[in-house]
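**Student:** Here is my input, please return the structure:
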Amino acid sequence: MQAIKAQVEGCESFIDKTVKLVNEWRQQSIKTEDALRDLTSRVSAIESRPHVPMDGEKIKIYLDTIYRGLLDRDCDDAARKSFGSQLAEGRPLQEIIDEIMAGDEYRTHKAKAQA
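**Tutor:** You can find the predicted model right below:
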């Protein structure tokens with residue numbers, strides 16, 4: 001009888017531990033799902049933003065940063081006016097970067113840097 005009682009107690013202990021682990025797993029799963037929902041909503045919020053704010057000063061900063069990174073200089077007034085109006089009208093920033101990189105000045109600058 002003692003042996004059976006010990007086995008039952010062992011089973012009850014095992015069941016208690018299993019229930020505890022399942023509950024912990026459920027809590028962790030809920031936290032993970034909450035984190036994924038939060039991440040998804042943040043990504044959606046970022047993707048729904050315009051690529052470049054309409055503010056002229058911010059556009060200037062974007063263009064100067066791009067030009068410094070690609071050409072080691074600030075954006076000139078003519079390019080700032082042209083690209084700035086395109087950005088303000090909704091042209092994607094990546095298209096402008098691609099256009100700059102396709103230009104002769106970028107290719108020349110890149111060739112000099114590699115030499």
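**Student:** nearest residue to Asp72 other than its sequence neighbours?
**Tutor:** With Cβ to Cβ, 6 or more residues apart in numbering as the measure, His109 is the residue that lies nearest to Asp72, at 6.8 Å, once sequence neighbours are left out. Using the backbone N, CA and C atoms, a C-beta is placed for each residue, glycine as well.
**Student:** Okay, now the unreliable bits of the chain?
**Tutor:** Where the chain drops to pLDDT under 70, the residues are 8, 32, 35-36, 39-40, 42-54, 115.
**Student:** the strands in it, which residues?
**Tutor:** Counting by DSSP state E, the chain forms no strands at all.
**Student:** can you give me the helices for it?
**Tutor:** Applying DSSP state H to the chain gives helices spanning 2-48, 56-71, 77-88, 93-102, 104-114.
**Student:** so can I have a markdown table of those helices showing mean neighbour count?
**Tutor:** As requested, the helices of the chain are arranged in a markdown table below (neighbours: other Cβ atoms under 10 Å):
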| stretch | mean neighbour count |
| --- | --- |
| helix 2-48 | 10 |
| helix 56-71 | 15 |
| helix 77-88 | 16 |
| helix 93-102 | 14 |
| helix 104-114 | 11 |
